[in-house]
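Novice: Structure for this input, please:
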Amino acid sequence: MSRPPATSSDAAQVNAPFQRRTRLSIEKPAPAAGTSGASSSASATREITIRLSVFDQRHYRRLVAARDETIRRVVGKLKPALQLQSSVDAGCGIGFFSDTLMQCGLSVRGFDARNENIAEARKRFPHIRFDLGDAEDRDIRRLGKFDLTLCCGLLYHLENPLLAIRNLRAITGKCLLLESMCLPEERMEMLLREEPLQEDQSLTTLGCYASESTLVKMLYRAGFAAVYRVVPSPDHEDFRETEERRRCRTMLLASHVAIDVAGFRLVPEPQEGKDPWSKRPELPRGILQRARRFLTKPFREKYLSVAMRARRVFPDMPVPWRLPFGAWWLAQHSALDEKLFDRSFEEIEVRFVQRFLRPGMNVVDGGAHHGLYTLLSAKLVGKTGRVLAVEPSPREAKRLRRHLRVNRLRNVSLAVCALGEETSEAELYLVRGKNDWCNSLRPPAVDEPADRIRVPLRPMDDLLEELQMERVDFLKLDVEGAELSALRGAEKLLTGPHRPIILTELQDLRTLPWNYAACHIVRHLAARGYHWFTLSLEGGLSRVSCVEEKYDANMVAVPAERVQEFAYLLAR
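Specialist: Take a look at the predicted model:
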């Protein structure tokens, strides 16, 4: 009998262990009255045969489902904003995501370098055009231009990922949605990895695995104007940090134009922080040559060079560092110090605070750490404003006090306690290594050891009452997962006549040890009349939905009565 092509719904029904072929029985409608009984006496079912590929295995189906949900969400947001009409699925495999794009209302074309994948995709999705094509081959540019290019699970299997990105950029009219495995490194690194010749691997035995920073760099260098991280990421363990496994996948959006839509967090182009061979640099011969090389460096590099050399002799010596907003910072050995040297820490968030705060405002810095936002706020609100810095770690509070003394800031009050719902004591996990910004009231997800100490726990409302701060204009809240508890202890503030703007971290990785999802923070404030926004590159605000299940970003909550006050930010 003839066998019609299988559909994605047919394949989705298969949950049995992997087989090469299976048979599905499909019931026929009952014959109408008066028709021949001969045909009705035949079997009421017909059998079709579909070929199950490696991509139909259960673990693949889970990953496909997670990516499918995110693709639908992304296209749903971008389609009206960018007027998307056409799309191409690069490395389409057997066509799962090509079908997703068509269901989203886009015209679709798919290509893949494997003949067997193209043949299977044509059988399963005969309504979509599939062609044989290699992303590393310049001839792929002959396909023309498409509003949206989708590239899922392909790049790391290639020997020349940058070449492939350049080719994909050539066929991308508006934006490229890229999903890929990535090395779990913050630095720009690549790994040439040997791969077996299997159906789900590359056509060669080598794949080139890049870190997320490297992928971002390649996208910028290929000619895209802006690169964004898709937030939240697909709901799959490969996209999350867990105690057992580091994040191994990312999803990025590269665009030819700036995108001011919620769900996309701008990632600036990474810059090389230092010479990768600088651990034991080979000095030029002769004093004159060394002096010439030193004098040609920018002042910032000269200063760091001298400071790092001095630190070899005095390892515990703090390095004075002038922050961009004018405050002095005494750098030691923490991860934050390294970020500030590279000017790569929360630039967008700092820009927002600089645009918002004015002299005379009152600020609460919840989870002040060593005082970056405390110093920034104190400088901006001036002598007529006030800042309350709340930091539970006595060790971090000691550094914060030193920063206040060095900068001669007298408009800051420091409360050495943790924020919570009631007055009591709690156990604080104090990280010993450089990741001291991960100190938490729950065991932190870091590789470094942590000590446990007892610290006081105070509601924010009580602290404000003691200090007679009747008005708070701005609240920065970063308390490693305790945000919901801290907000419950600030009910008077959140429902009073002078409600603050709130900048807070929303990340499931931090809230998981507290047995709640980051979306509960969003809904807690939304129920009290707050609107939520993401931050744009210039420090502006973009409205975001309050009903999403996953959030992974620093976001801003604005009371409904103050939204109009921020028209100058919302326009960005």
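
Novice: who are the neighbours in contact with residue 315?
Specialist: If you count contacts by C-beta atoms under 8 Å, 6 or more residues apart in numbering, residue 315 has none. (Glycine included, C-beta is placed from N, CA and C.)

Novice: For it, which three-state class applies?
Specialist: Assigned by DSSP: H, G, I helix; E, B strand; the rest coil, the conformation of residue 315 is coil.

Novice: cool, and the one 10 residues further on?
Specialist: Three states are possible here, and by three-state DSSP the one that applies to residue 325 is coil.

Novice: That one and residue 354 touch, don't they?
Specialist: Yes: the criterion here is C-beta atoms under 8 Å, and residue 325 meets it with residue 354 at 6.7 Å.

Novice: shared neighbours of those two, anything?
Specialist: In contact with both residue 325 and residue 354: 376, 380, using C-beta under 8 Å, 6+ apart.

Novice: low pLDDT regions in the stretch 201-350 of the chain?
Specialist: Counting by pLDDT under 70, the stretch 201-350 of the chain shows low-confidence ranges at 201-204, 243, 273-276, 278-302, 304-305, 307-308, 344.

Novice: do the same with the stretch 51-200 of the chain
Specialist: Looking at the stretch 51-200 of the chain by pLDDT under 70, you get 51-59, 196-200.

Novice: just the strands in it please.
Specialist: 86-90, 107-112, 129-132, 146-152, 172-181, 190-194 (DSSP state E, counting those that start in this stretch).

Novice: To residue 480, which of the ones you listed lies closest?
Specialist: Smallest distance to residue 480 across those (C-beta to C-beta): 28.0 Å, for strand 172-181.

Novice: residues in contact with the closest one?
Specialist: In contact with strand 172-181 (C-beta under 8 Å, 6+ apart) are residues 67, 71, 74, 78, 82, 84, 86, 145-156, 168-169, 209-210, 215, 219, 224, 230, 234, 238, 248-257, 259.

Novice: So for stretch 350-368, what gets flagged as buried?
Specialist: 350-353, 355-357, 361-368 (16 or more other C-beta atoms under 10 Å).

Novice: Then stretch 215-227?
Specialist: Quick answer for stretch 215-227 (16+ other C-beta under 10 Å): 215, 216, 217, 218, 219, 220, 222, 224, 226, 227.

Novice: Out of those residues, which comes closest to residue 437?
Specialist: residue 216 (22.5 Å).

Novice: what helix or strand does the closest one sit in?
Specialist: helix 212-222 (DSSP states H and E).

Novice: how close does residue 313 sit to residue 277?
Specialist: Distance of residue 313 to residue 277, given as C-beta to C-beta, to the nearest Å: 22 Å.

Novice: cool, and residue 143?
Specialist: Residue 143 is 42 Å from residue 277, by C-beta to C-beta.

Novice: more crowded one of those two?
Specialist: residue 143 (17 against 8; other C-beta atoms under 10 Å).

Novice: Which residue comes closest to the more buried one once chain neighbours are left out?
Specialist: Once flanking residues are discounted, residue 143 sits nearest to residue 171: 5.5 Å by C-beta to C-beta, 6 or more residues apart in numbering.

Novice: count of neighbours near the one you found?
Specialist: 20.

Novice: Now the buried members of the contacts of strand 172-181.
Specialist: 67, 71, 74, 78, 82, 84, 86, 146-156, 168-169, 209-210, 215, 219, 224, 230, 234, 238, 248-256, 259.

Novice: Mark which of the residues you listed are part of helices, please.
Specialist: Among the buried ones among the contacts of strand 172-181, the ones falling in helices (DSSP state H) are 67, 71, 74, 78, 82, 168, 169, 215, 219.

Novice: Just the closest of those to residue 398, please.
Specialist: Distances from residue 398 to these, taken by C-beta to C-beta, are shortest for residue 215, at 39.4 Å.
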